[in-house]
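K.L.:
would you be able to build a 3D model of this:
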Amino acid sequence: MKNILIPLMLVTCSHVVSIACSCAGIPSIEQGLSSAAVVFVGVVKSTASPTPDISTTTLEGKRFWFDIHDDVRYTFDIQETIKGTLSQTVEIATKKDGAMCGVHFEIGTSYLVYAYQRKTGLRTNSCWRNRIMDFEAQGEVIELKR
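P.N.:
The predicted structure is shown next:
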């Protein structure tokens, strides 16, 4: 029975299309600073996700359903601006899902955030140097200011 199941599983699994986040590596502090439009320390004030809008597409003959509004937006109260010009609050968008390089920020938690500019506003992803403000992040902030 095992001899039949394993080849059957391999044939079945070989037709699955996988879409996942793939980073070329987290950039150095210098690379992160030069690539980002803004770098700041802020506390997450709120989060919002748009109403799902389910759509379909066909890829390699297979039909897929997806939410075309797959972003989540976080509003940060700015504690310190390291690069760029920001008001007291800023909205940052990211993908909802970690498999799509999305970042999950906790409300009430302070973060060091690197973001880039798009037509739709500021964005970030898990391939950037975003992190909770801890001892290491405090050291990074000091280095960023040099």
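K.L.:
what's near enough to touch the closest residue to A37 other than its chain neighbours?
P.N.:
Spatial nearest neighbour of A37, chain neighbours left out: Q117 (4.0 Å); criterion: CB to CB, 6 or more residues apart in numbering. Every C-beta, even on glycine, is put in place using the N, C-alpha and C of the backbone. When contacts are counted by CB atoms under 8 Å, 6 or more residues apart in numbering, Q117 touches A37, V38, R123.
K.L.:
make sure the first one is actually in contact with T124.
P.N.:
Right, A37. No. The criterion here is CB atoms under 8 Å, and A37 misses it with T124 at 10.1 Å.
K.L.:
direction included, what does the strand ranked longest in the chain pair up with?
P.N.:
Assignment by DSSP state E gives strand 71-83 as the longest strand of the chain. Partners of strand 71-83 in the sheet, by DSSP bridges, are strand 38-48 (antiparallel), strand 89-95 (antiparallel).
K.L.:
tell me where the model's unsure across this protein.
P.N.:
The model of the chain has pLDDT under 70 over residues 1-19, 50-69.
K.L.:
which residue ranges of it form strands?
P.N.:
Counting by DSSP E, the strands of the chain are 38-48, 54-59, 62-67, 71-83, 89-95, 110-118, 121-123, 131-132.
K.L.:
so who does the nearest residue to L144 once chain neighbours are set aside touch?
P.N.:
Residue nearest to L144 in three dimensions, not counting chain neighbours: I82, with 5.1 Å by CB to CB, 6+ apart. Residues counted as contacts of I82 (CB under 8 Å, 6+ apart) are L33, V39, F40, V41, V141, L144, K145.
K.L.:
of those residues, grab the buried ones for ChimeraX.
P.N.:
Burial among the contacts of I82 is assessed by 16 or more other CB atoms under 10 Å; the matching ChimeraX selection reads:
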select :33,39,40,41,141,144
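K.L.:
any chance of the contacts of I82 in TSV, with distance to G25 too?
P.N.:
Formatted as TSV, those follow (distance: CB to CB, whole Å):
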residue	distance to G25
L33	16
V39	19
F40	23
V41	24
V141	22
L144	19
K145	24
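K.L.:
of all the contacts of I82, which two lie farthest apart?
P.N.:
Largest separation among the contacts of I82 by CB to CB: L33 and V41, giving 13.6 Å.
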